[in-house]
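**Q** got a sequence here, can you build the structure:
(one chain, ligands or ions: 1)
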Amino acid sequence: MVSGDLFTSLVGAWGPYRAQHMALVAVEARPACRFKVHRDDLPAAFRTARQLSLEISVGHDTIESRSMEGRNRYSEWCSRRPLRPASRGSVYVYLSPRLPTVQRLRRLDEADDNAAFGAALGYPPCCTQSFAEGMIEPAFTRDPVLNRYEDERPISWYLNVSLVCFQLGLLAHFPCSPACEPSLGLAAELFKALYNISPSFATGLSLGLATWVLHTDWLGIAGFRCTGSGQTVSVQEVLAIDQDSDLARLLLPGVVIERGEKTIRIGEIEIPAGHARLFRFL
Ligand SMILES: [Zn+2]
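**A** Numbering: from 1, shown residues only. Below is the predicted model:
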């Protein structure tokens with residue numbers, strides 16, 4: 001049980017995305033979760049775990065993030081370095097109601113056993129397998145969303161994992177495809193559990209995710225409302241964007257985005273289609 005007041009304090013301390021996933025683990029809607037935490041924040045992480053009656057385990061490595069343009073300094077890709085007593089920086093923490101689970105998660109993660117790690121976090125087997133296979137393909141150097149999602153037809157907002165860099169996302173894994181039934185089922189359960197914890201938070205999240213998204217690997221990512229549909233749309237209101245990015249200077253209200261066969265055109269700029277998608281999440 002996570003009360004509305006406790007959830008509000010979690011959002012204040014950890015931001016909405018981490019608060020949401022910790023709360024979902026606390027109500028056992030998810031078996032476990034993993035976060036990157038600065039070493040200075042470890043005492044706070046232990047306090048939070050106690051408040052939520054969760055067990056916590058701390059990773060043995062220092063985590064170095066690789067941030068990408070236009071993603072709010074957020075990084076989906078991190079690399080590990082051995083932790084030394086004088087090391088500063090961030091480490092992973094693992095949270096679950098059961099101690100053996102957090103200990104096992106840390107071991108699996110540090111052994112790079114992606115398939116078993118994903119399964120222990122409750123991700124669907126099809127997505128875990130697709131992710132584990134992707135790790136050994138040279139194609140994984142590409143953005144996982146660009147690899148897995150086509151944008152010809154609307155996609156359920158449940159599966160919008162483009163806006164995690166803006167702390168918006170229901171799922172913590174990359175679905176194997178925009179039609180992945182197990183991911184849709186899992187997202188529906190997570191949304192129901194989140195709505196029981198905080199109806200206003202859950203409603204806000206659904207509004208933030210049911211948007212148009214321009215997802216690029218060069219310029220960054222943005223969520224916005226549009227007029228028009230199909231091949232040509234006109235930006236109405238930008239909802240999520242990295243204000244320090246070039247994309248923020250390009251994607252202004254009134255700008256027309258056109259999807260061609262080989263390119264996506266934003267105003268006067270053309271991006272090759274392999275490097276950008278224009279998603280409509282409904
Ligand atoms: Zn799947």
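**Q** and stretch 236-250, how far apart are its ends?
**A** 13 Å (CA to CA, to the nearest Å).
**Q** give me the three-state assignment for S57.
**A** Following DSSP: H, G, I helix; E, B strand; the rest coil, the label given to S57 is strand.
**Q** so how far is N72 from it?
**A** For S57, the distance to N72 (CB to CB, to the nearest Å) stands at 28 Å. For the C-beta atoms, the positions are set from N, CA and C on the backbone; glycine is no exception.
**Q** quick one: contacts of stretch 263-282?
**A** The contact list for stretch 263-282, computed with CB atoms under 8 Å, 6 or more residues apart in numbering, reads 145-146, 149-151, 154-157, 159-160, 162, 209-219, 229, 233, 250-251, 255-262.
**Q** please save the CA atoms from that stretch in PDB.
**A** Coordinates of each C-alpha in stretch 263-282 appear next as PDB, following Å, rounded to 0.1, in the frame of the first residue of the first chain:
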ATOM      1  CA  THR A 263      13.000  11.400 -45.300                       C
ATOM      2  CA  ILE A 264      11.200  13.300 -42.600                       C
ATOM      3  CA  ARG A 265      11.200  17.000 -43.300                       C
ATOM      4  CA  ILE A 266      10.900  19.500 -40.400                       C
ATOM      5  CA  GLY A 267      10.500  22.900 -41.800                       C
ATOM      6  CA  GLU A 268      13.500  23.300 -44.100                       C
ATOM      7  CA  ILE A 269      15.500  20.400 -42.500                       C
ATOM      8  CA  GLU A 270      15.500  16.900 -43.900                       C
ATOM      9  CA  ILE A 271      16.400  13.800 -41.900                       C
ATOM     10  CA  PRO A 272      16.900  10.400 -43.500                       C
ATOM     11  CA  ALA A 273      14.000   8.100 -42.500                       C
ATOM     12  CA  GLY A 274      16.300   5.500 -40.900                       C
ATOM     13  CA  HIS A 275      17.300   8.200 -38.400                       C
ATOM     14  CA  ALA A 276      13.900   9.500 -37.500                       C
ATOM     15  CA  ARG A 277      10.300   8.400 -36.900                       C
ATOM     16  CA  LEU A 278       7.100  10.500 -36.600                       C
ATOM     17  CA  PHE A 279       4.900   8.500 -34.200                       C
ATOM     18  CA  ARG A 280       1.300   9.100 -33.300                       C
ATOM     19  CA  PHE A 281       0.500   7.600 -29.900                       C
ATOM     20  CA  LEU A 282      -3.200   7.200 -29.300                       C
END
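**Q** could you list the residues of this protein in contact with the ion?
**A** When proximity is defined as CB under 5 Å from the ion, the chain approaches the ion at 124, 126-127, 176, 180.
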